[in-house]
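Enquirer: sequence unknown, structure follows:
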């Protein structure tokens, strides 16, 4: 008897797609569509910190799942972008699963289960759905870039995370920023450690240890576990905490002298 597996991946852009939501969505489909066929539930696999640019079969949990799948098994995924990021990776992944003889159920695409007897039509429609879904994602990406450019020109932070040393009040264009005393104290501590001779890499390791012991809680969407983030925080402190919420833009502004270490 074939088994039914489900797979999910952490989402940073879709805050509602938590691990529990993804698992529940997959399980609901199994309970309503596959359990009555006597297909066994084989579990939900979840990659918590893996980029969508990593091929499915090379992710930690994706790899375990890939080598567990057998011909005739089902694989349920809550959304196309949890399984792959672009059309090239998508076609390669679908080809891998097709060679294994695995039946795919991608819940944000139309259900093709009624076409399982017509493999050629099934493959054609599935491939076209992946292509058009990818084109739609690219269209949204271009729109987001245009919107972000307008925000940048109007001095509005556009990253999902608030700038270093600030906390966000409100959403979208109506959002405002208030001083985040706790994060500024953390920046003061990291600055003191740097003055004592610690490198940004060492401070990042120190932060990881402190966070693990509950001394500091990282802000949603940003933690100082990366030496670049530590460098950004220390420079932001020296520059008077400018309202730049994106590391790349902050580094560019710093290089161009648009933010100064002499700022109060």
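Expert: Ah, there it is. Being a predicted model, the structure only gives us computed values, none of them experimental. Numbers count the residues shown, from 1 in each chain.
Enquirer: Can you check my assumption that residue 8 lies in a strand?
Expert: Yes - if the criterion is DSSP: H, G, I helix; E, B strand; the rest coil, then residue 8 is within a strand.
Enquirer: In contact with it, which residues?
Expert: By Cβ atoms under 8 Å, 6 or more residues apart in numbering, the contact set of residue 8 is 17, 19, 22, 23, 26, 44, 45, 46, 47, 77, 78, 82. The C-beta positions use only the backbone N, C-alpha and C, and glycine is treated the same way.
Enquirer: can you count the residues close to the fifth one?
Expert: Residues within reach of residue 26, counting by other Cβ atoms under 10 Å, total 24.
Enquirer: now the fourth one
Expert: Using other Cβ under 10 Å as the criterion, residue 23 is surrounded by 18 other residues.
Enquirer: For it, which non-adjacent residue is spatially closest?
Expert: residue 44 (4.5 Å; Cβ to Cβ, 6 or more residues apart in numbering).
Enquirer: Find the helix or strand that that neighbour is a member of.
Expert: In this structure, residue 44 sits in strand 40-47 according to DSSP states H and E.
Enquirer: Same check on residue 178?
Expert: strand 176-179.
Enquirer: Going by neighbour count, list what's buried in that strand.
Expert: residue 177 (16 or more other Cβ atoms under 10 Å).
Enquirer: That one pairs with which strands?
Expert: strand 166-169 (antiparallel) (DSSP bridges).
Enquirer: Helices along this structure, start to end?
Expert: 19-29, 60-66, 80-83, 87-100, 119-153, 181-195, 200-212, 227-238, 247-255 (DSSP state H).
Enquirer: For residue 163, find the nearest of these.
Expert: Comparing these against residue 163 with Cβ to Cβ, the closest turns out to be helix 227-238 (7.2 Å).
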